[in-house]
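A.B. asks: Return a 3D structure for these sequence lines:
(2 chains)
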Amino acid sequence: MSLTQAVRDKLDIPDLVTGGKSLKDVTVDIAKPNEDFPTKLWWNTFLLVLTITLIDVAIIGYLFYEGLYLLGINNPVGWGFFVVNFVFWIGIGHAGTLISAVLYLFRQGWRTGINRAAEAMTIFAVLVAASNLILHVGRPWLGFWLFPYPNERGPLWVNFRSPLIWDTFAVSTYLSISMVFWYLGLIPDLATLRDRATETWRKNLYNILAFGWVGSARAWSHLEIVSMILAALSTPLVLSVHTIVSFDFAVSILPGWHTTIFPPYFVAGAIFSGFAMVVTLMVIAREVFNLKNYITMKHLDNMNKIMMVTGLIVGLAYGTEFFIAWYSGNEYEGFAFWNRAFGPYGWAYFIMISCNVLSPQVFWFRKLRYNIPVMFVASLVVNVGMWFERFVIMMTLNRDFLPSSWAMYTPTLFDYAMLIGTFGIFFTLFLLWCRIMPVIAIAEVKTVMPQKEGAHH
Amino acid sequence: MYLPKLEQFHKYKEMDEGVLGIFDTPEAIMHAAEKTKAKDYIGFDCILPYPVHGIDEAMGTPRSGLPWVTFFAGIFGCTIGILFQYLTHAHDWPLNISGKSLNAWFAYVPIIFELTVFSAGIYTVAALCFLSGIPKATRRILHPDLTSHKFGLWIPKSAKGYSESDVVSFVKSLGGSEVIVVKLENQK
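C.D. replies: Numbers count the residues shown, from 1 in each chain, chains lettered A, B, ... in the order given. Below is the predicted model:
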């Protein structure tokens, strides 16, 4: 960011931090939600999502006491909502890494306003996804069997050729690298909160969390390099995780799943739904925490553009699938797709198309990209659509090669409870995090402030 | 050929005794760092609320050598990934799955990749923690504003040719808004 203010004005480059803030203002504004007593709105929302989470935990306990027969899963459709939720949530996580890593590598200054919240979103979404992965095996207390470790059951190892094991490795690597990346960036900001704290308990808490960071230039120079390295490592990781998730489907020989388009199609869908979730959260956060000077309309505009582009890619993928089903001349493939659109779950297919392909088209218009209610609704609609995309993929199972084994899948109350529960867990973690840690990367925002270089020259 | 140098792994040194000058702008600290480097106070440091670009050159600290750690840790993780899968599947627990070769290595690629990235990332961060002296539970905070909006110049007592009065007058001449002499005994 070597442009001076005059050049920026001339080129009409919008400021990433508006309102003529000084370095001190940035600290004060962003630390405010962490230092004040939570508002009534926060408490109400928190208690609501906490209740959902606790109910969900109780239901999970009951489900595993009784057995998975309580769910709607049956013989052809053996996966059900758990895997729909798993793929959905892991996709939500991807925008966080994309914002923090890919945009970092491309030197996109605007990421600084939103990267912290997006990274936190990634961590919580991946945790929720991982819990669904563990739960869907049916006996979650034996979940550790997924890890290769020397055991007493003879020379028994996991099958490294199984997509379930790939998932385990991919998700745990993704989770640990994202967590480390996120926390490393948080350390300087936690040090800021520590130094501002007036109460002893708060000082002690942040003292532990900040790891004893002082801001030495020598430490900063290492930290900057490591941020870049982690960004470079996470970028292929984003692609690999969702590629591997798509392998869960693509390595099977089922028509409609056994296709090479799956990895890029899944990755694009993941980024699409992830950005929708970031927009949803950011629109709320900037209102609730009064951060309009840091999460500007320009940030939202950029995210809306990405949402539109990835929405088009997803739309292209839907079209390509159909085209190839016809062009390959494979009648099973052809039937699978005809069944998807016009079979018993056709309604889900058309919800998916209208939410994912049609709704982001509103962002062609600048006026609508800058319109908060429009983008908020569109982002919610896209998330619904992307959940249905995974549902549609899963429902390919209900009519396989033999009509005698066809069966319908009807979710039970327990399935719905699991679905609502994932949102409960996610928002509980997110709201708690908003209270304890800064929603915006304080140190990183300061590096893109125009006044930093321009104002006092 | 580009080879790692020891000074690229510069380590954070505890700020126990010395002189701390406080500056208000990034330009001021940059200027101060250049002057201090010229003065040859070896081991001096700057304390910044955010990474100020160009400060490394001004201070004369070489580029961090941590990418080397990433590189070798990545190779290590990759090797472990290959060996582990090969040894478990082809030697310790050979299973014939649909007549495929025991060492059907194409299927190993996802896990080799994940282990490479995992190992590269985790070891680099461990090295960063070691070099930056974190985590440490009790560390003295020299000035609360240094993590918010002020910039500090730190000249330790161990610097060559350190004499308290000289250093204090030198830091004052750089235009710092405040100069603090830090001693071990007045530690909180």
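A.B. asks: Which positions in stretch A:106-118 come out as buried?
C.D. replies: A:G109, A:W110, A:R111, A:T112, A:G113, A:I114, A:N115, A:R116, A:A117, A:A118 (16 or more other C-beta atoms under 10 Å in any protein chain shown). Glycine gets a C-beta too; all of them are placed from N, C-alpha and C.
A.B. asks: swap that for stretch A:426-442, sorry
C.D. replies: A:426-431, A:433-434, A:437-442.
A.B. asks: and those near chain B, which?
C.D. replies: A:I442 (C-beta under 8 Å from any C-beta of the partner chain).
A.B. asks: Most widely separated two among the buried residues of stretch A:106-118?
C.D. replies: Comparing every pair within these by C-beta to C-beta identifies A:G109 and A:A117 as the most remote, at 16.6 Å.
A.B. asks: I'd guessed A:L239 sits against A:A270; true?
C.D. replies: No: A:L239 is not in contact with A:A270 according to C-beta atoms under 8 Å; the separation is 9.5 Å.
A.B. asks: Looking at these two, which has the bigger crowd around it?
C.D. replies: Neighbour count, other C-beta atoms under 10 Å in any protein chain shown: between A:L239 and A:A270, A:A270 has more, with 30 against 20.
A.B. asks: Name the member of the buried residues of stretch A:106-118 with the shortest distance to chain B.
C.D. replies: A:T112 (10.2 Å; C-beta to the nearest C-beta).
A.B. asks: how close does that closest one get to A:H136?
C.D. replies: Separation of A:T112 from A:H136 (C-beta to C-beta, to the nearest Å): 37 Å.
A.B. asks: which intervals of the stretch 1-150 of chain A have sub-threshold pLDDT?
C.D. replies: A:1-14 (pLDDT under 70).
A.B. asks: so how many other residues sit close to the residue of it at minimum distance from chain B?
C.D. replies: Nearest residue of the stretch 1-150 of chain A to chain B (C-beta to the nearest C-beta) works out as A:L23 at 3.7 Å. Residues near A:L23, counting by other C-beta under 10 Å, number 23.
A.B. asks: Tell me which residues touch it, please.
C.D. replies: Taking C-beta atoms under 8 Å, 6 or more residues apart in numbering or on different chains, we find A:L23 in contact with A:K446, A:M449, A:K452, B:P49, B:S148, B:H149.
A.B. asks: What is the lowest-pLDDT residue among the residues you listed?
C.D. replies: pLDDT across the contacts of A:L23 is lowest for A:K452, at 49.
A.B. asks: Quick check: neighbours of the host helix or strand of B:G21 in the sheet, parallel or antiparallel?
C.D. replies: Secondary structure assigned from DSSP states H and E places B:G21 in strand B:18-23. Using DSSP bridges, strand B:18-23 pairs in its sheet with strand B:151-156 (antiparallel), strand B:178-182 (antiparallel).
A.B. asks: Can you show me the helices along chain B?
C.D. replies: With DSSP state H as the criterion, chain B has helices at B:26-39, B:55-59, B:66-86, B:109-132, B:164-173.
A.B. asks: Mean neighbour count, those: which tops it?
C.D. replies: helix B:109-132 (a mean of 21; mean count of other C-beta atoms under 10 Å in any protein chain shown).
A.B. asks: Can you report the mean pLDDT over the residues of that helix?
C.D. replies: pLDDT averaged over helix B:109-132 gives 93.
A.B. asks: Show me what it is packed against.
C.D. replies: Judged by 3 or more C-beta pairs under 8 Å, 6 or more residues apart in numbering or on different chains; DSSP states H and E, helix B:109-132 is in contact with helix A:163-196, helix A:217-250, helix B:66-86.
A.B. asks: Quick one: those as CSV, columns for distance to A:T259 and mean pLDDT too.
C.D. replies: What follows is those, written out as CSV (distance: least, C-beta to C-beta, whole Å; pLDDT from 0 to 100):
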stretch, distance to A:T259, mean pLDDT
helix A:163-196, 15, 90
helix A:217-250, 6, 89
helix B:66-86, 26, 93
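A.B. asks: Out of those helices, the one nearest A:W43 is which?
C.D. replies: That would be helix A:163-196 among the helices and strands packed on helix B:109-132, by C-beta to C-beta, at 21.2 Å.
A.B. asks: how far off helix A:217-250 does the closest one point, in degrees?
C.D. replies: Helix A:163-196 and helix A:217-250 are oriented at 150 degrees to each other (axes from the mean of the first three to the mean of the last three C-alpha atoms, to 10 degrees).
A.B. asks: I'd like the helices and strands packed on helix B:109-132 laid out as TSV, including distance to B:K160.
C.D. replies: Output for the helices and strands packed on helix B:109-132, formatted as TSV (distance: least, C-beta to C-beta, whole Å):
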stretch	distance to B:K160
helix A:163-196	30
helix A:217-250	18
helix B:66-86	27
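A.B. asks: Which one, of these, ends up nearest to A:K305?
C.D. replies: helix A:217-250 (19.0 Å).
A.B. asks: mind listing what's buried in that closest one?
C.D. replies: Here helix A:217-250 shows A:217-235, A:237-250 as buried, counting by 16+ other C-beta under 10 Å.
A.B. asks: quick one, what contacts the residue nearest to A:V279 when sequence neighbours are not counted?
C.D. replies: With C-beta to C-beta, 6 or more residues apart in numbering or on different chains as the criterion, A:V279 has its nearest non-adjacent residue at 4.1 Å, and that residue is A:S379. By C-beta under 8 Å, 6+ apart, A:S379 lies in contact with A:A276, A:M277, A:V279, A:T280, A:V283, A:M307.
A.B. asks: Kindly report the residues of the stretch 301-450 of chain A close to chain B.
C.D. replies: With C-beta under 8 Å from any C-beta as the criterion, the stretch 301-450 of chain A meets chain B at residues A:I442, A:A443, A:E444, A:K446, A:T447.
A.B. asks: what about 6 Å?
C.D. replies: A:A443, A:K446, A:T447 (C-beta under 6 Å from any C-beta of the partner chain).
A.B. asks: The first one sits in which helix or strand?
C.D. replies: Assignment of secondary structure by DSSP H and E places A:A443 within helix A:442-447.
A.B. asks: what's in contact with that helix?
C.D. replies: A:L23, A:V26, A:T27, A:I30, A:T112, A:P188, A:D189, A:T192, B:Y50 (C-beta atoms under 6 Å, 6 or more residues apart in numbering or on different chains).
A.B. asks: swap the cut-off to 7 Å and go again
C.D. replies: A:17, A:23, A:26-27, A:30, A:112-113, A:188-189, A:192, A:294, A:452, B:49-51 (C-beta atoms under 7 Å, 6 or more residues apart in numbering or on different chains).
A.B. asks: export it as PDB, just CAs?
C.D. replies: The C-alpha coordinates for helix A:442-447 follow below in PDB (Å, rounded to 0.1, in the frame of the first residue of the first chain):
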ATOM      1  CA  ILE A 442      -6.500  -5.000  15.000                       C
ATOM      2  CA  ALA A 443      -2.800  -5.200  14.000                       C
ATOM      3  CA  GLU A 444      -3.600  -6.100  10.400                       C
ATOM      4  CA  VAL A 445      -6.100  -3.400   9.900                       C
ATOM      5  CA  LYS A 446      -3.600  -0.900  11.000                       C
ATOM      6  CA  THR A 447      -1.300  -1.900   8.100                       C
END
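A.B. asks: for that helix, the distance to its chain's centre please.
C.D. replies: Centre-to-centre, helix A:442-447 and its host chain are 23 Å apart (C-alpha atoms, centre = their mean, to the nearest Å).
A.B. asks: Please apply the same query to stretch B:11-26.
C.D. replies: That offset, for stretch B:11-26, works out to 16 Å (C-alpha atoms, centre = their mean).
A.B. asks: Buried residues, it. List them.
C.D. replies: Counting neighbours by 16+ other C-beta under 10 Å, one finds that the buried residues in stretch B:11-26 are B:Y12, B:M15, B:E17, B:G18, B:V19, B:L20, B:G21, B:I22, B:F23, B:D24, B:T25, B:P26.
A.B. asks: Now do that stretch: everything it contacts.
C.D. replies: With C-beta under 7 Å, 6+ apart, stretch B:11-26 has contacts from A:216, A:218-219, A:452, A:456, B:29, B:32, B:43, B:52, B:131-133, B:142-143, B:150-157, B:167-168, B:171, B:174, B:176-184.
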